[in-house]
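Engineer: predicted coordinates and the sequence they were generated for:
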Amino acid sequence: MKRLSITPAETVQFSKIVRGLNFFGSMNMAMLEKILDGIQLFECDRGEKVCVQGEVGDTFFVVQKGSLTVSVRKGRLSLPKQIATLGPGDCFGEMALLHQAPRNATVACHSASRLFVLPASHFRAVLAQNPEFAKEINDLANSRQFELDHKLDR
Ligand code: CMP
């Protein structure tokens, strides 16, 4: 992944996307500035893996552009199964951060993509400050866990 410089317009774009997840809630201005300062923008090529199932994860991602596939392998001998696709406005990488567990799935770029990236420390600071966001993101992770548990059985 190649890091890009982030423009003020892109920072606003990030804010608009995550507002749907109640990300900022009633966060004070100082905290908001700190979080927005920590956002990075990365570009990745088609085929590149952004998260690898089983690896340690320490970042949260929000898709700015492009499309990505989510796939899972049940056992060492089974083939990966694609269970979802992600596009602009979608987020991922929350499960490893919420549960302090390895990545649950492999997320790879289906086309060249651009991703906003938030380090775990900032993600956890937002969670701690903002119960509305904690609820939204836990609900999302739980529904994804349900899909992981059920789609793989078929
Ligand atoms: P994490 O486990 O940190 O890394 C892989 C990510 O894939 C995971 O967080 C979720 O963000 C994402 N993911 C897992 N299952 C699904 C699903 N069913 N639909 C969409 N995204 C998913």
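Structural biologist: That came in fine, so what should we check first? Residues are numbered from 1 along each chain as shown.

Engineer: list the buried ones in stretch 20-39?
Structural biologist: The neighbour-count check on stretch 20-39 (16 or more other C-beta atoms under 10 Å) flags L21, N22, F23, F24, M27, I35, L36, I39 as buried. Where C-beta positions appear, they are placed from N, C-alpha and C, glycine not excepted.

Engineer: please apply the same query to stretch 49-66.
Structural biologist: For stretch 49-66, burial by neighbour count (16+ other C-beta under 10 Å) applies to V50, C51, Q53, G57, T59, F60, F61, V62, V63, Q64, G66.

Engineer: which of the buried residues of stretch 20-39 fall within helices?
Structural biologist: With helices taken from DSSP state H, the overlap with these comprises I35, L36.

Engineer: among the buried residues of stretch 20-39, which one sits closest to the ligand?
Structural biologist: Of all these, the ligand sits closest to L21, with 12.4 Å by C-beta to the nearest ligand atom.

Engineer: right, and the closest one touches F133 too?
Structural biologist: Yes: shown here, L21 and F133 form a contact pair, counting by C-beta atoms under 8 Å, at 6.1 Å.

Engineer: for the residue positioned nearest the centre of the chain, name its beta-bridge partners.
Structural biologist: Centroid-nearest residue in the chain: F92, 2.4 Å away (criterion: C-alpha atoms, centre = their mean). F92 has these beta-bridge partners by DSSP bridges: F61.

Engineer: list the residues that contact it.
Structural biologist: By C-beta atoms under 8 Å, 6 or more residues apart in numbering, the residues touching F92 are C51, F60, F61, V63, L68, V70, L86, V107.

Engineer: what does the chain have sitting close to the ligand?
Structural biologist: 51, 57, 70, 83-84, 92-96, 103-105, 107, 144, 147-148 (C-beta under 6 Å from any ligand atom).

Engineer: sitting in helices, which of these do you find?
Structural biologist: E94, M95, A96, R144, E147, L148.

Engineer: nearest to P8, of the contacts of F92?
Structural biologist: Distance to P8 across these (C-beta to C-beta) is lowest for V63, with 19.7 Å.

Engineer: so what's the spatially closest residue to V50 that is not a sequence neighbour up against?
Structural biologist: Closest residue in space to V50, ignoring its immediate chain neighbours: V107 at 4.8 Å, by C-beta to C-beta, 6 or more residues apart in numbering. Applying C-beta under 8 Å, 6+ apart to V107 gives the contacts K49, V50, C51, F61, L68, T69, V70, L86, F92, G93.
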